[in-house]
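S.K.: Next one to model:
(one chain, ligands or ions: 1)
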Amino acid sequence: MRHLLSAADLDAAETTGILDLAEEMALVQGRPVKKLPALRGRTVVNLFFEDSTRTRSSFELAGKWLSADTINISAKGSSVSKGESLRDTVLTVASMGVDALVIRHMASGAPLQAARWFAELGLGVHVVNAGDGTHEHPTQALLDAFTLRRHFRASQPDAGRDDHQPFAGRRIAVVGDITHSRVARSNVELLTTLGAGVVLVAPPTLLPAGVDTWPVEVRDDLDRVLGEVDAVMMLRVQRERMSGGYFPTPREYTVGYGLTRARLGLLRPGTAICHPGPMNRGLEISADAADSAGSLILDQVAAGVSVRMSVLYLLLGGADESGAVR
Ligand code: CP
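M.R.: Predicted coordinates for the structure are as follows:
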């Protein structure tokens with residue numbers, strides 16, 4: 001793997017390899033099994049042009065727990081605020097001897113563009129997409145898959161189900177603001193690659209053009225869908241990307257598409273509740289749902305560190321000649 005720009009870059013075997021390695025690096029009581037020396041001498045830069053809590057801190061922890069040197073650069077406080085271009089910014093950072101650049105940017109395609117500039121100039125810097133505009137957020141989809149795989153294996157061990165294909169026959173509802181969601185796009189790619197069925201549930205105004213060509217089922221009857229799925233992934237309503245105001249109104253949205261306390265009773269026992277965060281509590285998800293026994297939201301956060309350790313390890317090459325993790 002040279003870069004990780006899109007969930008579409010990963011086939012089922014590659015995805016399973018990342019998830020399996022993440023299991024080896026998974027947290028025990030909030031810490032990795034041990035700090036690994038695998039990336040000693042390597043440098044990872046987190047270059048964030050948009051705000052983040054989970055993604056930036058987990059990439060930083062992932063790098064540190066693999067013994068890489070990690071630094072964070074935000075648009076605020078960098079020369080981006082003086083008008084420096086994306087090209088000048090990424091080439092400046094890359095020229096400092098960096099091994100990997102983890103990029104979050106408000107423009108769809110910015111990490112791909114950076115990877116193209118590095119290729120043109122013969123720079124061997126690896127690029128990881130940490131969320132670009134409304135396009136993709138591949139490591140979010142990987143950590144979601146990691147969390148759901150654990151849940152399916154542990155809590156729904158149906159007789160006859162193949163443990164090596166934990167997503168086969170599963171149906172996962174992705175609910176809400178699909179139009180603005182890079183999380184939805186990456187999850188549609190990755191979950192279908194893994195063999196799950198994806199059901200999108202959204203008001204028509206928050207469905208993107210062309211969704212009819214996606215490999216998904218599109219519904220708007222949330223109350224019925226909730227009783228038919230193995231997991232429900234609630235999306236954040238991205239009000240900051242809705243410059244012209246938004247419809248439905250917040251009240252209408254919650255009534256039609258929010259995971260309210262009343263709707264918890266429509267879920268089948270064992271249905272997983274996910275949300276990538278940050279949550280708009282009381283809008284797309286109620287506190288009763290977010291803090292319920294079925295909620296995997298904090299498991300998703302924990303998975304973020306081990307999955308990002310796995311991705312950095314595989315990109316930067318921490319295996320010895322036998323393939324063993326050092
Ligand atoms: N899920 C996610 O990307 O969260 P942050 O914006 O906090 O990184």
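S.K.: For the rest of this, base every contact and every neighbour count on C-alpha atoms.
M.R.: Will do.
S.K.: so what does the one helix or strand residue 311 maps to touch, helix or strand wise?
M.R.: Element membership for residue 311, per DSSP states H and E: helix 297-316. If you count contacts as 3 or more Cα pairs under 8 Å, 6 or more residues apart in numbering; DSSP states H and E, helix 297-316 packs onto helix 12-24, strand 27-28, helix 54-65, helix 138-155, strand 272-274.
S.K.: how far does that helix sit from the chain's center?
M.R.: 10 Å (Cα atoms, centre = their mean, to the nearest Å).
S.K.: That helix close to the ligand?
M.R.: No - residues of helix 297-316 are not located near the ligand by Cα under 6 Å from any ligand atom, the shortest gap being 8.3 Å.
S.K.: and the angle for that helix with helix 138-155?
M.R.: Following axes from the mean of the first three to the mean of the last three Cα atoms, to 10 degrees, one obtains 120 degrees for the angle between helix 297-316 and helix 138-155.
S.K.: coming back round to it: tell me which of the helices and strands packed on helix 297-316 is the most buried.
M.R.: For those, the largest average neighbour count (mean count of other Cα atoms under 10 Å) is found in strand 272-274, namely a mean of 24.
S.K.: what does the stretch 201-326 of the chain have sitting close to the ligand?
M.R.: Neighbours of the ligand within the stretch 201-326 of the chain, by Cα under 6 Å from any ligand atom: 276, 277, 278.
S.K.: Can I have the buried ones of these as a ChimeraX selection?
M.R.: This is the ChimeraX syntax for the buried subset of these, where burial follows 16 or more other Cα atoms under 10 Å:
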select :276,277
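S.K.: got the residues of the stretch 201-326 of the chain next to the ligand as a markdown table, with secondary structure columns?
M.R.: Converted to a markdown table, these look like this (DSSP: H, G, I helix; E, B strand; the rest coil):
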| residue | secondary structure |
| --- | --- |
| 276 | coil |
| 277 | coil |
| 278 | coil |
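S.K.: Can I get the residues of the stretch 201-326 of the chain next to the ligand in CSV including pLDDT?
M.R.: Shown next, in CSV, are those (pLDDT from 0 to 100):
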residue, pLDDT
276, 98
277, 96
278, 97
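S.K.: Could I get the residues of the stretch 201-326 of the chain next to the ligand in TSV, plus columns for distance to residue 211?
M.R.: Formatted as TSV, those follow (distance: Cα to Cα, whole Å):
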residue	distance to residue 211
276	21
277	23
278	25
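S.K.: Looking at the residues of the stretch 201-326 of the chain next to the ligand, spot the one nearest residue 77.
M.R.: residue 278 (23.1 Å; Cα to Cα).
S.K.: quick revisit: quick one: closest of the helices and strands packed on helix 297-316 to residue 211.
M.R.: Residue 211 sits nearest to helix 138-155 of all these, at 18.5 Å, using Cα to Cα.
S.K.: Strand partners (parallel or antiparallel) of the helix or strand following the closest one?
M.R.: Using DSSP H and E, the helix or strand that directly follows helix 138-155 along the chain is strand 171-175. Within its sheet, and counting by DSSP bridges, strand 171-175 is paired with strand 197-201 (parallel), strand 231-234 (parallel).
S.K.: and the first one, what's its mean pLDDT?
M.R.: Regarding strand 197-201, the rounded mean pLDDT is 98.
S.K.: cool, the shortest one as well?
M.R.: When the per-residue pLDDT values of strand 231-234 are averaged, the result is 98.
S.K.: Show residues contacting it.
M.R.: For strand 231-234, the external contacting residues (Cα atoms under 8 Å, 6 or more residues apart in numbering) are 148, 171-176, 226, 259, 271-276, 284-285.
S.K.: and if you look at stretch 241-257?
M.R.: For stretch 241-257, the surrounding residues in contact (Cα under 8 Å, 6+ apart) are 175-176, 180, 201-203, 205, 222, 239, 260, 282-284.
S.K.: again, only this time at 10 Å
M.R.: Here stretch 241-257 makes contact (Cα atoms under 10 Å, 6 or more residues apart in numbering) with 106, 133-134, 175-177, 179-181, 201-206, 220-223, 234, 237-239, 258, 260, 263, 282-286.
S.K.: Please spell out the ChimeraX selection for the buried subset of those residues.
M.R.: Applying 16+ other Cα under 10 Å to the contacts of stretch 241-257, the buried members can be selected in ChimeraX as follows:
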select :106,133,134,175,176,177,179,180,181,201,202,203,206,220,222,223,234,237,258,260,263,282,283,284,285,286
